[in-house]
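Asks: quick one, structure for this:
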Amino acid sequence: MDTAVIDQDLVIINEAQYGVVIDLVYASSNNIAGRVVYQTARCALHKDAAPRLLRASELARSAGYTLKVFDGYRPPAAQKIFWLALPDAQYVADPLQGSHHSRGTAVDVTLLDEQGAELDMGTGFDAMEDASHHDYADLPAIVQKNRLLLLGIMLHAGFRGIKSEWWHYELPNSGAYPVIESTLVTV
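Replies: Sure, this is the predicted structure:
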């Protein structure tokens, strides 16, 4: 694993400044670990990813939507908890390799409509199943449309998606960034 960097490269993401809704699911027990993982939760991203999230938020708002953020920076200790809950590299990065979330370069998002309701994406966040894959074909047209809308917004803002999770976006060169140890989010 990369040498850990202390948190000087992280930027706090707040709702007002970024025009997003933040719902850090790992600060609740409604997640793949089945328990509260983040004891002190703040939404943060690497300083290189934060401007791209702001751009994605602007693009979403221009189309009448709002980005909802489920997760950003994730401490390496949290990644170990998720790996123990689901040791499947298709969905959870092996903590020995380092998660892009632990680099601060990945963000999990969805879109909200003008009434604040989540768009139908076919599965919930953290549904680790085939139906969560971007290219899963057996979904209604409206779900495909919603996923493609989110994908287009995030790609245009400079992120890239991954095949297995419609909600996960990251910087294209995430693997080049070091893992970050930070007390901004504690486990």
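
Asks: from here on, just use CA atoms for contacts and neighbour counts.
Replies: Noted.

Asks: next, Thr66: phi, psi?
Replies: phi -130, psi 140 (degrees, to the nearest 10).

Asks: and for Trp166?
Replies: Dihedral angles (degrees, to the nearest 10) for Trp166: phi -60, psi -20.

Asks: got the contact list for it?
Replies: Applying CA atoms under 8 Å, 6 or more residues apart in numbering, we find Trp166 in contact with 121, 132-134, 147, 151.

Asks: make it 7 Å
Replies: Contacts for Trp166 were tallied using CA atoms under 7 Å, 6 or more residues apart in numbering; they are 132-134, 147.

Asks: go on, Asp23?
Replies: Asp23 touches 69-70, counting by CA under 7 Å, 6+ apart.

Asks: do that again at 8 Å, thanks
Replies: Residues near Asp23 by CA under 8 Å, 6+ apart: 68-71.

Asks: same check on Leu10?
Replies: 44-47, 104 are the contacts of Leu10 under CA under 8 Å, 6+ apart.

Asks: related to what we said a few turns ago, compare the contacts of Asp23 and tell me which is most surrounded.
Replies: Most neighbours among the contacts of Asp23, by other CA atoms under 10 Å: Asp71, with 24 neighbours.

Asks: isn't Glu118 right next to Phe125, touching?
Replies: No - Glu118 is beyond contact range of Phe125, at 10.8 Å (criterion: CA atoms under 8 Å).

Asks: need the helix or strand of the chain with the lowest average pLDDT.
Replies: Within the chain, no helix or strand scores below strand 5-6, which has a mean of 51 by mean pLDDT, DSSP states H and E.

Asks: tell me the SS of the residue nearest the centre of the chain?
Replies: Nearest to the geometric centre of the chain sits Asp108, at 1.7 Å (CA atoms, centre = their mean). Assigned with DSSP: H, G, I helix; E, B strand; the rest coil, Asp108 falls in the strand class.

Asks: for it, name its beta-bridge partners.
Replies: With beta bridges defined as DSSP bridges, Asp108 has these partners: Asp71, His168.
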